[in-house]
Structures are given as structure tokens and as C-alpha cells.
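Chemist: Quick check, what structure comes out for this input:
(chains A and B)
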Amino acid sequence: MMSKTVNVVWVALMVTGAVFTYAMKDGAGRAADRVMALRADIAREKEQLTVLKAEWSVLDQPARLQSLVARYGSYLNLQPLDVRQLASIADVPAKPPTPDAGLDTMRTATIPKAPSSVAQSGIQP
Amino acid sequence: MTMTLTDHPDVFSPASGRRKVAKLKGASKARSDQTRSRVILAMGAFMLVYGVISGRLMMLGMTDQSTLGGRGGGAQAVSTARPDIVDRNGEILATDIKSASLFAEPNKIIDPDEATELITSVLPDLDATALRKKLSTQAGFVWVKRQITPQQQTQIHDLGIPGVGFLTENRRFYPGGPAAAHIVGLVNTDNQGIAGIERAIDERGLSDLHQAGFAVKSAALEPVRLSVDLRVQHVLRDELVGAMEKYKAAAAMGAIVNAKTGEVLALASLPDFDPNNPVDANKPDRLNRMTAGSYELGSVFKSFTFAMALESGKVKMTDSFDARAPLRVGRFTIHDSHSLGRVLSVPEIFQYSSNIGTARMAMTVGQTLQQQYLKQFGLATKLQTDLPEVATPQLPKRWSDVTTMTVAFGHGIAITPMQAVMGDVALVNGGHLLSPTFFPRTQEQAFADSTVMVSKKTSDEMRWLFRFNAVNGSGRHADVPGYVVGGKTGTAEKIVNGRYVNGHYLNSFLASFPMDDPQYVLLVSVDDPKPEKPNLPALAAWNAAFVAGNVIRRSAQFLGVTPRTEQEGHPDAMLVSY
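Modeler: Residues are numbered from 1 along each chain as shown, chains lettered A, B, ... in the order given. Coordinates of the predicted model:
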């Protein structure tokens, strides 16, 4: 009687063990499959990145940009940069003193003059 | 489980057996001991076997999956992966992209004729007869066509030819095409570098890695960063292309080098080639003229004669030389192209590029000292740089007084243009002779490897002369307001069949900017230019100088040069520093 109970317990234990092991093995297999799939995805994405980077550098070639500027320069009113247009922030003169409040018309009248005075005092032509 | 059962053998032994054992106890004690030892032996054997099995399982469980995947990985990288090449701002100059290659296993092909017909229907440029012959053998593997397009791959795949398959290979792609062809170089079908930096990378040890079977994935390779700036490179090449058209020149070349570090920012040699389709890369006129060609640079060479004369102390800036009449030495006569017929001071000789004056200065220095200085200036020996294509300078075989005089103004000595650039770098940076590099380098690293070419005093005097020439002399056309350009023109008669030919010139302009603290040195050479308009001369001041000025105007902003005021650009402002 005693040995029978022990046997049943053992068989039950074995079955549970087998079920657990199977479940674990199956889970591991699925996880491994997922890892493989993700790795393949990463590899594909990386490949895609390389291709896109190469494409971007083709589009970003100075030679291509220059031909675009040559084509649309007149339409977009583009001009080559002149040396005299370059200045550091120290070259910009201090803000001129604003006239008394209330004289809005006077203030707006000074605006178009301001850029030309910056350009002149920035660098001697 | 086994252990538990054998620990309690009575659990499964029938009761009768126990009784029997008890009865025979005394008589068969020896036999019982024997049985016991046999059982223990069997248990031991089973435990050993199971132990080995579980141990092996554990070992397999521990190993990394990714290394096992490497078994099939060989097929994915037939053409070995190469690192990307990027410019100093990270713009891609060369990269690897994957492409499929078609192979066949002839021993598995059932009908070679049908296979040939089907393959050539998709790839009509293949030679059908050669392919049939290839497929009729019993070989295990042959390439049919390397690097086919994805459409072709799909078409062939859909034909379902047995014994034909694809392998993914790395193909080198140069987004800029010919933009930096001579710097980056190119690779062959097996992705091995055969020219330029590509070859230099291989020689630095990448090919050893490949042979050992490492580094097959490009992701594992760090990109190689060059000192080149793609924007500046474009400006230089674009201006040279323009010059070739405008002056109907045979060739053009140029380079921009950082005067403080010896880094090459741009290098172009025209005509060039498209490394993506290098059908004419091996033509003799496509060589990298800057390092692999040697030329008589003419008056540009006077800069070095002036430097050695001032450095030796035998000539001072205040000295004067007689340039009234052509100089007769033996059978030779040295003329000035625009003779002033008077005694010229040292700055005037430089300004008017007087051959007579320079020849007299060289004679003051003397033949032995001149040769010694040429060695010191790095003009007598082969240039040391990262590019594999480097020519050896051609020096006169025998030195006489005539040789000394002609070498003084750059005739009878052929050097690579890059050597002239590096010589000029030393003349303006305080006398440090650097080797040009295509990889980023700091000033400290550069100066640590440098040799002293001239003293600081000579360098300052040369800076003054260069700036003086750009304000008052032949360099006027290259001056860009704000960037304080200084330089020397050179119009050298070309040698055809061993004779100097009148009317065919190699025109050069060797410039540095900004002259108060030179940051960059630029050389522009135009080979055999024609006058822009019939009444204009075809001299260097009328073409190479214009091109150099344009290059500086367009690239100085990219190079980070801050514009100077007019006062700062005056030649005498150069003297403030000493």
C-alpha cells in the first residue's frame, strides 16, 4: 500500500517534470526563433540604412547642388556669398538708442537704414 | 531517478525473493557479494553515460547562437567587406552596398544549352558560346556574372533553372563619382583596393585581416575618416573643369593643403575617371598628376631659390642684382621674358619673375649649397605620403654652372607638384617641412614629425615676398579681397621629344592665404592652355592665377578663414610679426 502511493507520487512527479521541461523547451525554441527573426530584421534595417545613407550622399553632392542652383538660382534670386557679407558678432554695432515712446512712425522709419549701416561698419569695403 | 531506485532495491523486489535470500544466506554469501558488485558496476556505467550526455547538453546550451550562424555566413560575404570612407565632415566618399552575383554549378545542370539560352535572354551582354562551354563542364562552381541588378535577379530566379544560384556580394559605391577619384582610388571586382586610399587601407592591414577570415561584416569596420573636405574638393575640381574648358587645356591639376598640419583638403587631377565605372582609369593620361607625375614647374621654383638664398645669408632682402643684359654662360643665354633693362632689387626680381636675377642669386648661393638645400627642402627625394602612387623627382644628372642657373628658375628639374606644395607649406608656416597626409592630424602631431626647412626669419621674408607679388606683381589676378592671398606664378615651357617648345606651357600658381597667418596652401596648374581671347597672353598670370583666385573666393568660407580688413592685407602688415 505504502509503496503504491510512493509509485503514484513518483509517476505524477515525472509527468509534471516532463510537462514543465517540454513547456520550457518550447518557450526557448520560440524565443530563439524570435531572436533569429529580430536579428534578420536588424540586418535588413542596417542594410537599408547603408543604402539610404549612400542615396543621401548622392543627393547631397556639391556638384548636384550646384547644378540645382544654376537651374533655379534666378527664380529663387540666389547670389553667391560676398566676402564683405561675412562678419563676426563683435563687428555688429550696438543697437541705436530708440527715440521716445509714442513716435511709432519715427521708429519704423529707421528700420530700413539699420542693415546698411551694419554692412558698412562691419568690414571696410 | 536511477539513483533513488537503486538506493532502495527492496521497493521493487518481491517478498518471496527476500525469503529465498534469507534461506540461502549462509550458503551463497560469496555469490551475493558478486551480484552486488556487478549491480554497482552497471550503475556506475549508466551514471557515466548519462553524465556525459547531460554535460554535453549543458555545453551546447552555453554556446553562443551567433557563432554557429557563421557556418552559413560565408556565402553572404564573397566580396570582402570594406570600411566606409568619409570626408572630414562625415560625408560618405565610398561605401559598400549589397548586390547579387549569379553563379552556376555545372555538375548539377541538366541541359547546358537550355540554361545558356535562358540566362542570355535575361543577360544579353553575356557571350553565349563561352557560357555554354563553361556550363558544359563538370565543375562544381563557376561565376556566370558578378553584380547583377535586383530586376535581373528576380527574372533569373523566376526562370527556375536548376543548378543556378545567387550569392550576395559587397559592391563598392562612390556617391560622388569622379569628385574625389584620385584620392579615394578604386577597387577591383573582388573589392580589393587597387588605387588611392582604397589601396592604402589594404596595405595598412585590411587584406591581412581578410586572409585570416576576419571582418567580413561591414558593420564591424570603423569608417575611415580622411582629411579631405568634400565641399572644397568640389570647388577645386569644378574650377579646374571650368579652366580646362575655358582655356582648352590638355590637363589641369590642383591641391589645397593645410599649412599648419600638412593635411590635404582637396586634390584634383584632370582628366579623371568615375570609380563606379572605371573603364578608362588605367589610361596613361588619367594618372594622379599631383603625386604620380613630375613636371618642370618653371618660375614657381624661384620661391625655393629665393628661400635658399635668404636662408644661406649670402643674399639679403636689400640686395640688388644686375638684370640689364641676357646672361651668357657657355653656349647658353638666359633671357627675361619681360626685361626691364636695369638693376633689380631682390623683391623686384620676385615681382617681375626675372630669370637673370634669380640665376645670379643662385650663383651667389653656389652649386654645392644649392644641392644641399634641395635635399633639405625635400625636393630631391621621393615624397612620403599615404597615397601609393608617388613619382620620384628627376634631378639633373650632372651639375654645372648652367644647371645651377636653370634649376634656379625651375628648368631642368622635374618634381611632383605635391612636393612644391609641401615646400611652400614650409616656407609660410615658419619653416616646418611636413609630409602631406590624407588622414586627420593635429598641428602638434604634424610638427613632431617635421624637419626644419628654413628659419622663422626666412619664412617671414618669404611671406612678405609672396604677398608683395600678389599686390604688385604677377599674382594680382589671384588676390581675393579679404583673404590676403600671396603667391608666385610659373609659366614653364613644355618639353616635347626632349626639346622645349615655344607656345606650349605648363602654367602654375602657388598660393597661400591668408598671408598674415597662412592657413592654407594652394597649387593650381593648367597644362597647355590657350589664350582666353586672341589678344591675351597664355601666361600663368592670365589663367592659373584667375583659377586660383576663384578657388580661394569660393572655398575660404568652408575652410574657416576669417576675412581681413584692407589694412591687414597690406604687404608691410606681414612684417609686423617680426
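Chemist: Could you double-check that B:Ala307 lies in contact with B:Lys457?
Modeler: No - using CB atoms under 8 Å, B:Ala307 is not in contact with B:Lys457; the gap is 11.1 Å. Heads up, the C-betas are built off the backbone N, CA and C, glycines and all.
Chemist: Please save the CA atoms from stretch B:171-191 in CSV.
Modeler: Written as CSV, here are the backbone C-alpha positions of stretch B:171-191 (Å, rounded to 0.1, in the frame of the first residue of the first chain):
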residue,chain,number,x,y,z
ARG,B,171,29.9,46.2,-54.1
ARG,B,172,31.8,49.4,-53.7
PHE,B,173,29.8,52.5,-54.4
TYR,B,174,31.2,56.1,-54.8
PRO,B,175,28.3,58.6,-54.3
GLY,B,176,30.5,61.5,-55.7
GLY,B,177,31.5,59.7,-58.8
PRO,B,178,34.7,61.4,-60.1
ALA,B,179,34.6,64.1,-57.4
ALA,B,180,37.5,62.7,-55.4
ALA,B,181,38.5,59.9,-57.7
HIS,B,182,42.3,60.3,-57.4
ILE,B,183,42.2,60.5,-53.6
VAL,B,184,39.8,57.7,-52.8
GLY,B,185,41.0,55.4,-55.7
LEU,B,186,39.1,52.3,-56.6
VAL,B,187,38.7,48.6,-56.0
ASN,B,188,38.5,45.6,-58.3
THR,B,189,35.6,43.1,-58.6
ASP,B,190,36.8,41.3,-55.5
ASN,B,191,36.6,44.5,-53.5
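Chemist: buried sites along it?
Modeler: Neighbour counts over stretch B:171-191 (16 or more other CB atoms under 10 Å in any protein chain shown) mark B:171-187, B:191 as buried.
Chemist: Kindly report the same for stretch B:292-310.
Modeler: In terms of neighbour count (16+ other CB under 10 Å), stretch B:292-310 has its buried residues at B:292-310.
Chemist: Kindly report the same for stretch B:551-561.
Modeler: Result for stretch B:551-561 [16+ other CB under 10 Å]: buried residues B:Val551, B:Ile552, B:Arg553, B:Arg554, B:Ser555, B:Ala556, B:Gln557, B:Phe558, B:Leu559, B:Val561.
Chemist: Show residues contacting the helix or strand hosting the first one.
Modeler: The one in question is B:Val551. For B:Val551, the host element (DSSP states H and E) is helix B:544-555. With CB atoms under 8 Å, 6 or more residues apart in numbering or on different chains as the test, helix B:544-555 has contacts from A:80, A:83, B:231-232, B:235-236, B:239-240, B:242-243, B:252, B:254, B:256, B:266, B:474-480, B:483, B:485, B:487, B:489-490, B:507-509, B:511, B:513, B:522, B:524-526, B:529.
Chemist: So which of the residues you listed are in helices?
Modeler: Residues of those located in helices (DSSP state H): B:Arg231, B:Val232, B:Val235, B:Leu236, B:Glu239, B:Leu240, B:Gly242, B:Ala243.
Chemist: How about the last one: what's its closest non-neighbour residue?
Modeler: The spatial neighbour of B:Ala243 that comes closest, neighbours along the chain excluded (CB to CB, 6 or more residues apart in numbering or on different chains), is B:Val547 at 4.6 Å.
Chemist: quick one: that neighbour and A:Met36, what's the gap?
Modeler: The gap separating B:Val547 from A:Met36 is 58 Å, by CB to CB, to the nearest Å.
Chemist: the more surrounded of those two?
Modeler: B:Val547 (29 against 13; other CB atoms under 10 Å in any protein chain shown).
Chemist: how much space between the more buried one and chain A?
Modeler: As judged by CB to the nearest CB, to the nearest Å, B:Val547 and chain A stand 16 Å apart.
Chemist: Whether the helix or strand harbouring B:Ile156 contacts chain A - can you check?
Modeler: Using DSSP H and E, B:Ile156 sits within helix B:150-159. No - against chain A, helix B:150-159 shows no contacts by CB under 8 Å from any CB of the partner chain, the least distance being 11.3 Å.
Chemist: Can you list the neighbours in contact with that helix?
Modeler: In contact with helix B:150-159 (CB under 8 Å, 6+ apart) are residues B:Ala100, B:Leu102, B:Leu118, B:Ile119, B:Val122, B:Leu123, B:Ile148, B:Val164, B:Phe166.
Chemist: Give me the buried positions along that helix.
Modeler: Residues of helix B:150-159 classed as buried by neighbour count (16+ other CB under 10 Å): B:Gln152, B:Gln153, B:Gln155, B:Ile156.
Chemist: Toward the C-terminus, what is the element adjacent to that helix?
Modeler: The helix or strand immediately downstream of helix B:150-159 is strand B:164-173, counting by DSSP H and E.
Chemist: mind checking how far that following strand is from the chain centre?
Modeler: 26 Å (CA atoms, centre = their mean, to the nearest Å).
Chemist: anything in the next helix-or-strand element following that strand near chain A?
Modeler: Moving toward the C-terminus from strand B:164-173, the next helix or strand (DSSP H and E) is helix B:181-184. No - against chain A, helix B:181-184 shows no contacts by CB under 8 Å from any CB, the least distance being 12.5 Å.
Chemist: now for helix B:181-184, which elements pack on it?
Modeler: Contact here means 3 or more CB pairs under 8 Å, 6 or more residues apart in numbering or on different chains; DSSP states H and E; on that basis helix B:181-184 packs against strand B:92-104, helix B:196-201, strand B:264-270.
Chemist: One more pass at 7 Å, please.
Modeler: Where contact means 3 or more CB pairs under 7 Å, 6 or more residues apart in numbering or on different chains; DSSP states H and E, helix B:181-184 is packed against helix B:196-201, strand B:264-270.
Chemist: Enumerate every residue touching the residue lying closest to B:Arg231 once chain neighbours are set aside.
Modeler: Among residues not flanking B:Arg231 along the chain, B:Phe558 sits closest, at 4.7 Å (CB to CB, 6+ apart). The neighbours of B:Phe558, taking CB atoms under 7 Å, 6 or more residues apart in numbering or on different chains as the test, are B:Asp229, B:Arg231, B:Val232.
Chemist: Of the residues you listed, just say which sits nearest to B:Lys314.
Modeler: Nearest to B:Lys314, judged by CB to CB, of the contacts of B:Phe558 is B:Val232 at 39.4 Å.
Chemist: What count of nearby residues applies to the closest residue to B:Asp202 other than its chain neighbours?
Modeler: Leaving out its chain neighbours, the residue that sits closest to B:Asp202 by CB to CB, 6+ apart is B:Gly193, at 4.2 Å. When neighbours are counted by other CB under 10 Å, B:Gly193 registers 24.
Chemist: ditto for B:Phe468
Modeler: 21.
Chemist: shouldn't it be in contact with B:Pro347?
Modeler: Yes - using CB atoms under 7 Å, B:Phe468 is in contact with B:Pro347, at 5.6 Å.
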